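> with the input below, show me the fold.
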Amino acid sequence: MKNYKLREPVSAETNENLKAYPELMRSLLIYRGIDTAEKAEIFLNPDYEKHVHDPFLLKDMDKAVERILKAIEHKEKILIYSDYDADGIPAAVVMSDFFKLVGYENFEIYIPHRHNEGYGVHMEALDTFPAKGVTLMVTLDCGIVDHAEILHAKKLGIDVIVTDHHLPSERLPEAFAVINPKRIDCTYPEKMLCGSGVAFKLVQALLQKYHPGLSATPLKLRGEASTRAGVISPGQEKWLLDMVGIATLSDMVPLQGENRVLASYGLKVLRKSRRPGFIKMLKIMKTDQRYITEDDVGFMITPRINAASRMGIPLDAFKLLSTSDETEGDMLAKHLDTINNERKGLVASTVKEIKKVLLERAEHFSGQKVIVMGNPLWRPALLGLAANTIAEEYNKPVFLWGREEGKDIKGSCRSDGVTHLVKLMDEVKDHFVEYGGHAFSGGYAVQSEKIHTFEAALHEAMIALGNSAAPVEPLYVEAKLSLDDVSWKFQSMIDRLAPFGKDNPKPLFMFENVSPADVKLFGKTKEHLEITFYTSQNKKVRAIGFFMKPEDFAVSPRKNIPLTLIATIEKSYFGGTQEIRLRIADII
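Numbers count the residues shown, from 1 in each chain. Take a look at the predicted model:
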């Protein structure tokens with residue numbers, strides 16, 4: 001069972017600092033680290049002009065900009081090498097759009113195949129670039145630990161500019177320039193940019209830098225407002241923030257500081273985006289573009305981008321987001337929707353297979369602290385989704401593994417909502433080739449000779465850790481509310497905190513002793529839960545739980561039986577109707 005804790009009242013002194021705001025808003029701000037009027041103004045009113053940092057504060061940015069502008073001047077072939085996920089692909093779109101804006105065509109996008117190549121820069125790919133005339137390569141969301149590969153590119157006569165946000169190793173790769181806010185010697189104020197965020201800073205810097213030697217080229221960086229390729233008007237780079245917004249929300253970076261600005265403006269641009277493929281995708285999803293939220297990005301848009309790499313060719317997602325052709329956009333939107341549905345089907349069949357084994361070996365698994373299961377035929381890229389379903393249903397940590405292209409044993413793990421997975425994996429680290437993640441989700445690769453003892457090792461580690469396996473932080477409930485509080489006025493206050501995500505979670509509220517007027521399932525296969533309540537003024541309030549059933553909770557909801565509901569409050573525009581409703585988190 002998840003551990004919920006009601007927030008403590010804030011101090012009188014802090015209350016005084018934020019006296020301009022309602023009492024609940026003061027509490028919501030304070031527990032997000034916003035304890036002064038100045039911080040509150042910045043947090044509640046993110047401003048692109050005021051709160052986005054100078055890109056040249058990033059170490060090596062000046063070198064990178066000068067090298068790219070030189071490559072443009074001399075018409076060199078530039079290779080953009082990006083990661084294949086919902087951070088790397090939008091980053092590639094950002095860079096591609098920049099080159100299109102300045103009228104430069106001698107560039108190429110390379111995105112490695114998730115299954116055949118895997119993450120990072122690869123020797124085999126590098127060996128093909130000289131024949132294409134590549135003399136400059138820019139990595140996006142990767143490259144920071146690819147020392148041998150970057151050195152190999154250098155020997156091939158290719159200058160490499162690494163842009164990344166992952167943690168560097170003790171030494172940096174021998175690249176022409178390394179742009180990463182997590183460099184020890186980098187003083188950039190925002191350390192937690194995502195990969196697309198770093199790519200955007202590079203574009204920002206390129207557009208700020210005027211080089212007289214480029215006057216004979218199509219590149220004119222300031223002063224002329226025009227939509228013609230090669231002429232950039234001031235502020236036009238903001239149209240690229242739709243991609244940065246998707247990546248920032250997808251990559252689970254903290255939504256405070258500069259990331260909050262990028263995500264906020266990213267959502268604004270997404271609501272106005274003119275990208276044909278993106279618009280076609282929204283129509284298929286039946287999502288109203290005017291009201292796109294971070295939830296739409298996380299639950300609808302990101303899975304379709306990731307489906308391209310999990311199921312086939314990641315370049316398809318890049319093309320969808322970057323194309324300016326209506327017909328191609330329509331075709332790619334339908335294609336990504338199809339493969340996303342195929343992904344769902346494969347995950348569902350994997351979950352079905354796992355449940356069958358759990359049933360057949362019920363006695364064994366009932367005695368295990370951790371569910372560990374694998375199949376060489378399972379695709380590792382899909383196992384995180386399956387592990388999440390099993391962990392929620394069986395209330396145990398889950399480790400699933402498959403085999404990548406007949407070679408490495410790789411897998412994903414999900415927590416039961418209590419166990420800290422990294423702490424657990426630390427206890428059996430001798431079994432891993434590599435591992436990492438967060439408290440509630442992670443990934444790993446297991447040594448082949450140790451896969452047979454993997455389950456037993458995790459089981460013993462859980463016993464040895466005991467209560468120390470649990471995260472220190474409980475799930476905080478912001479306040480107790482009544483159903484009468486569920487209103488547009490209340491929601492407008494909550495909206496000021498959006499967008500929500502890491503370090504700015506959507507506020508959870510407790511509704512005590514509320515009685516359902518109705519409990520039912522809905523959806524094509526009755527996979528979603530709906531509970532209807534009524535306020536003291538007899539106004540209907542719906543509570544929705546997607547992919548939830550009454551029996552999923554410690555207290556199963558029943559008509560006219562009082563319960564305590566843990567939920568968030570949200571706006572819904574589904575089907576063209578506007579509604580304030582509750583999103584079920586738990587029933588306790």
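> for Ile301, see how far away the residue nearest to the spatial centre of the chain is.
The structure's the chain has its C-alpha centroid closest to Ser250; by CA atoms, centre = their mean the separation is 1.7 Å. Distance of Ser250 to Ile301, computed by CB to CB, to the nearest Å: 8 Å. C-beta coordinates here come from the backbone N, C-alpha and C atoms, glycine included.
> and for Lys502?
To Ile301, Lys502 is 17 Å away according to CB to CB.
> before we move on, what about Asp518?
Using CB to CB, Asp518 is found at 32 Å from Ile301.
> what do you get for His452?
In terms of CB to CB, His452 sits 40 Å off from Ile301.
> compare Lys502 and Ile301 (neighbour count), which wins?
Shown here are Lys502 and Ile301; by other CB atoms under 10 Å, Ile301 has more neighbours (22 against 16).
> now for that one: which residues touch it?
Applying CB atoms under 8 Å, 6 or more residues apart in numbering to Ile301 gives the contacts 86, 246, 281, 285.
> now do the lowest-mean-pLDDT helix or strand in the chain: which elements does it pack against?
Every helix and strand of the chain was ranked by mean pLDDT, DSSP states H and E. The lowest is helix 12-17, at a mean of 81. Applying 3 or more CB pairs under 8 Å, 6 or more residues apart in numbering; DSSP states H and E, we find helix 12-17 packed against helix 23-30.
> repeat the analysis, applying 6 Å as the threshold.
Other helices and strands packing on helix 12-17, by 3 or more CB pairs under 6 Å, 6 or more residues apart in numbering; DSSP states H and E, are absent; none qualifies.
> chain center to stretch 196-213, what's the gap?
Its chain's C-alpha centre and that of stretch 196-213 lie 24 Å apart, by CA atoms, centre = their mean, to the nearest Å.
> list the buried ones in it?
By 16 or more other CB atoms under 10 Å, the buried positions in stretch 196-213 come out as 196-207, 209, 211.
> neighbours around Lys5, how many?
Neighbour count of Lys5, defined by other CB under 10 Å: 10.
> that one bridge partners, please.
Beta bridges link Lys5 to Tyr476, judged by DSSP bridges.
> confidence score at it?
Per-residue confidence (pLDDT) for Lys5: 91.
> go ahead and confirm it touches Glu473.
No: using CB atoms under 6 Å, Lys5 is not in contact with Glu473, being 8.9 Å away.
> any idea of the mean pLDDT in the helix or strand harbouring Gly402?
In this structure, Gly402 is located in strand 398-404 according to DSSP states H and E. Average pLDDT, strand 398-404: 91.
> helices or strands up against the very next helix or strand once past it?
As assigned by DSSP H and E, the chain's next helix or strand after strand 398-404 is strand 408-414. On a contact count with 3+ CB pairs under 6 Å, 6+ apart, strand 408-414 meets helix 383-394, strand 398-404, strand 441-446.
> list the contacts of the closest residue to Asp185 other than its chain neighbours.
Nearest in space to Asp185, with sequence neighbours left out and distances taken as CB to CB, 6 or more residues apart in numbering, is Lys59 at 5.9 Å. Neighbouring residues of Lys59 by CB atoms under 6 Å, 6 or more residues apart in numbering: 183, 185-186.
> top of the residues you listed by neighbour count?
Greatest neighbour count in these, by other CB under 10 Å, goes to Arg183: 19 neighbours.
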